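Q: task: produce atomic coordinates for the following.
(2 chains)
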Amino acid sequence: MVDHAGGGRPSGRPAPAVALPLFPVDVPGLLERLRLTAVATGTAALAVPAWILLILAIMAVPLSVIGIGLWIALIVVHGTATLVNVLRTIAEGLLDTDLPDHPVDGPRRSPLRLIATWVRDPRRWRELALVGFAATGGLALSLLPAGLLLSLPVHGTMLLVDGGSVWPVLTVLAVPMTALWWAGTPWLVRARALADAAILGHSQTRRLAERVVEVEKTRAELIDHSAAEVRRIERDLHDGAQARIAAVGMNVGLAERLMRTDPAAAAELLREAREGTVSALEDLRSVVRGIHPPALADSGLTGAVEALAVALPAPVTVTLRLPERLPAPVESALYFAVAECLANAVKHAAATRMWVTGVAEPGRVRLVVGDDGRGGADPRGSGLAGIARRLAAFDGTVAVESPAGGPTTVSLEVPWQS
Amino acid sequence: MAELRALIAEDQALLRVGLTRILESDGIEVVDAVQDAATLAAALAKDDFDVAILDVRLPPTFTTEGLTAATMARASRPALPVLVLSQHVEPIYARDLLADGQGSIGYLLKDRVADVDGFLAAVRQVAAGGTVLDPEVVAGLLTSRPDPVDRLTEREREVLTLMAQGRSNAAIGARLHVSEGAVTKHINSIFTKLDLPQAPDDNRRVLAVLAWLDGAGG
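A: Predicted coordinates for the structure are as follows:
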């Protein structure tokens, strides 16, 4: 079970699904290229409906005068939507990203209204542009892989069947074509997908807009989280130090009153009061630890996690190779995340051994907390969900792997630039 | 039978024990010391006490269970003496408690319990039908309406604060080291400046002050 709590697709960088290495020249590489060639050829074939739609669209304009043009326009509207959907799905699969989807909306009451809405909507014109591209440049681009692949077998067959003097030359020339197919197919397929995506408006602006939505969401969650933290601290103070100090006051006040009449009782009350001040200070210290652990302030994340490990009942191996100091809020979030994971391991998983590893990789810091306990951790549980919320504020993610029977590993990742 | 019987509602064991000791040291019998809203409701229904000393926050929700219980108990038994204790005071709660105009109400910070004699005096005052407000509450009420109170002199403001704590003219005089006659003069001056009707008894004076603050704040 792998659950990316609070993660989701890292926006802004579509994974290069077509990143095929040139070498080795092997069967999986060949199969993948053949698959891509088939996809490209299929995409090229969509030029046929694209042409029909374009011709209908052009016909619809003059024919609208006699009414039938409106019905043709209606076919164009729905046909375009369907074709664009197919092209979008193909591009999404190739780019491993989500592309904007704008279903034909608006009141469905009258076809006239629908067409009017359609004409006014710039996104529909983008879709029509995509249809145009599919019928022309896109067609050429998507036909290339098949053309390059077929040149050798076609010319070779002609050489054998026809025997004309031109075929040996063409066959020889077809060999580099095949090499070009091997090298270029992934790029050609990707180029077509990128072009389609660009026409559909999968732009930087749109990605930024999505990012803003995401940031707003995590910020709201963080504010909720902070408010809950403040309430917890208030409660801790109220029930702990504040109550103890009030009790000390009562004891001292009563001792004062009893001093002359019952000195022994007064002395006992004062002793209790002194113990009360010690407890009150302990309470305050634990509240401070909950806000910002002194170990973290003194010795950074590595030292603080080591200090945490020493205090646990089961052995913890700490192997942290982290940058000297991370930004304070990131350190704090990671510290509490590790503390929560280790506490879970002891409390719920009955672990006998735990480990914390951490490395700084290019662009991110990655910590893994593992234990040999009984597994079955629920990533949606309040503890792990809280960690995910805290880390999400720094674009961090939490991945929990915890099969029943264990072991459990929790990976914490936060983007970080040295 | 003890001269005065008290009911305590306080969820923190340390404070429950401390309060019990302090009351018993002065011969006040503690008939019951409960720690949550449910047992408090049952104890209030038994009606075997002369004064109830309640914490504002009680389990289960730790919000204002004590206040709610006090208000409800006083609805069925008007002027039931209730002394509310809290770790922080809210003037708005004071207004709620005083709203029924029946007196027999106290609202103090838990800090004040450490002044054992003062606290015991407050308990007896509430049991006898008086009103005792924490200086913090009064200060909060005064600062919430600064404009007309600005017209008072420093000394008059001190007198008003002590009045709101339910003290008699003699007690105020002793506290401020002035004669009782001087206190009466200050009080008349305050009443004139704040357009308050003259009222002879302590409790009505406090209520008058608060009524004015409430009306002005409204």
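
Q: ok, now how distant is residue A:94 from residue A:157?
A: Going from residue A:94 to residue A:157 by Cβ to Cβ, to the nearest Å gives 31 Å. The way it works is simple: take the backbone N, C-alpha and C, and place the C-beta from them, glycine included.

Q: now residue B:101
A: When Cβ to Cβ is the yardstick, residue B:101 and residue A:157 sit 109 Å from each other.

Q: what about the residue of the stretch 251-400 of chain A found nearest chain B, neighbour count?
A: Across the stretch 251-400 of chain A, the shortest distance to chain B (Cβ to the nearest Cβ) belongs to residue A:253, at 3.9 Å. Each residue near residue A:253 was counted by other Cβ atoms under 10 Å in any protein chain shown, and the total is 24.

Q: and residue B:158, what's its pLDDT?
A: Residue B:158 carries a pLDDT score of 85 in this model.

Q: rewinding a little: hmm, residue B:113 and the residue of the stretch 251-400 of chain A closest to chain B touching each other?
A: Yes. Residue A:253 lies in contact with residue B:113 (Cβ atoms under 8 Å); the separation is 6.8 Å.

Q: sec struct for residue B:89, please.
A: coil (DSSP: H, G, I helix; E, B strand; the rest coil).

Q: that one: neighbour count?
A: With other Cβ under 10 Å as criterion, residue B:89 counts 24.

Q: can you pull the contacts of it?
A: Going by Cβ atoms under 8 Å, 6 or more residues apart in numbering or on different chains, residue B:89 touches B:107-109, B:134, B:136-137, B:140.

Q: try residue B:21
A: By Cβ under 8 Å, 6+ apart, the contact set of residue B:21 is A:250, A:254.

Q: try it again at 10 Å.
A: Going by Cβ atoms under 10 Å, 6 or more residues apart in numbering or on different chains, residue B:21 touches A:250-251, A:254, A:258, A:265, A:269, B:30, B:116.

Q: give me the element it is part of.
A: Applying DSSP states H and E as the criterion places residue B:21 in helix B:13-25.

Q: only the buried residues of the next helix or strand after that helix, if you could.
A: On the C-terminal side of helix B:13-25, the closest following helix or strand by DSSP H and E is strand B:28-34. By neighbour count on 16 or more other Cβ atoms under 10 Å in any protein chain shown, the buried set for strand B:28-34 is B:28, B:30-34.

Q: before we move on, what about stretch B:85-103?
A: Within stretch B:85-103, the residues scored as buried using 16+ other Cβ under 10 Å are B:85-87, B:89-91, B:93-98, B:102-103.

Q: likewise stretch A:205-220?
A: Counting neighbours by 16+ other Cβ under 10 Å, stretch A:205-220 gives residue A:218 as buried.

Q: the residue in the stretch 151-300 of chain A that chain B sits nearest to - how many residues pack around it?
A: Using Cβ to the nearest Cβ, residue A:249 is the residue of the stretch 151-300 of chain A that sits closest to chain B, at 3.1 Å. Neighbours of residue A:249 under the rule other Cβ under 10 Å: 21.

Q: how about the one 10 residues further on?
A: Residue A:259 is flanked by 14 other residues according to other Cβ under 10 Å.

Q: do you know how far the residue lying closest to it once chain neighbours are set aside is from residue B:123?
A: Nearest residue to residue A:259, sequence neighbours excluded (Cβ to Cβ, 6 or more residues apart in numbering or on different chains): residue A:266, at 4.8 Å. Between residue A:266 and residue B:123 the distance is 21 Å, computed by Cβ to Cβ.

Q: next one: residue B:97
A: Distance from residue B:97 to residue B:123, counting by Cβ to Cβ: 16 Å.

Q: before we move on, the earlier item: any chance of the buried residues of strand B:28-34 in a markdown table, with distance to chain A and pLDDT too?
A: Output for the buried residues of strand B:28-34, formatted as a markdown table (distance: Cβ to the nearest Cβ, whole Å; pLDDT from 0 to 100):
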| residue | distance to chain A | pLDDT |
| --- | --- | --- |
| B:28 | 13 | 95 |
| B:30 | 14 | 95 |
| B:31 | 20 | 95 |
| B:32 | 19 | 94 |
| B:33 | 14 | 94 |
| B:34 | 17 | 94 |
